[in-house]
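Colleague: Pasting a predicted model and its sequence here:
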Amino acid sequence: MKKADFIQAVAEKAGLSKKDTNAVLDAMLETITEALVERKSVSFIGFGTFSTAPRAARQARVPGTDKIVNVPATTAVKFKVGKKLKEAVK
């Protein structure tokens with residue numbers, strides 16, 4: 001499902017215009033992004049939790065050449081699935 005399809009489906013379920021739904025979705029995604037940049041977690045009970053986790057620097061082997069490269073430390077985004085979502089997808 002693409003963003004436009006998602007907006008259409010949400011607009012129909014919520015009884016909103018596509019323009020308003022798009023504005024709400026963009027604001028929601030921006031707010032989640034800002035929270036993750038600040039290393040805060042965002043929880044939606046039953047749906048899941050977005051959070052960040054540090055990844056240590058490491059060495060990795062390049063497939064095919066067996067060359068070893070250094071991979072710098074970084075921060076990764078994690079998503080832990082909530083119970084209701086997990087049950088719905090089963």
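Modeller: Cool, got the structure.
Colleague: so residue 25 touches residue 6, yeah?
Modeller: Yes - look at residue 25 against residue 6 with C-beta atoms under 8 Å: they come within range, at 7.5 Å. The C-beta positions use only the backbone N, C-alpha and C, and glycine is treated the same way.
Colleague: Name the SS class of the residue of the chain most remote from its centre, please.
Modeller: The C-alpha centroid of the chain is most remote from residue 65, which lies 33.1 Å away (C-alpha atoms, centre = their mean). Secondary structure assignment for residue 65 (DSSP: H, G, I helix; E, B strand; the rest coil): coil.
Colleague: Kindly report the same for residue 16.
Modeller: Residue 16 is classified as coil under three-state DSSP.
Colleague: which residues touch it?
Modeller: 10, 24 (C-beta atoms under 8 Å, 6 or more residues apart in numbering).
Colleague: can you give me phi and psi for it?
Modeller: Note on residue 16: backbone dihedrals following degrees, to the nearest 10 are phi -110, psi 170.
Colleague: quick one: pLDDT of it?
Modeller: Predicted confidence (pLDDT) for residue 16: 93.
Colleague: same check, this time on residue 29
Modeller: 96.
Colleague: now swap in the one 3 residues further on and tell me
Modeller: As predicted, residue 32 sits at a pLDDT of 97.
Colleague: what helix or strand is it on?
Modeller: Per DSSP states H and E, residue 32 falls inside helix 18-37.
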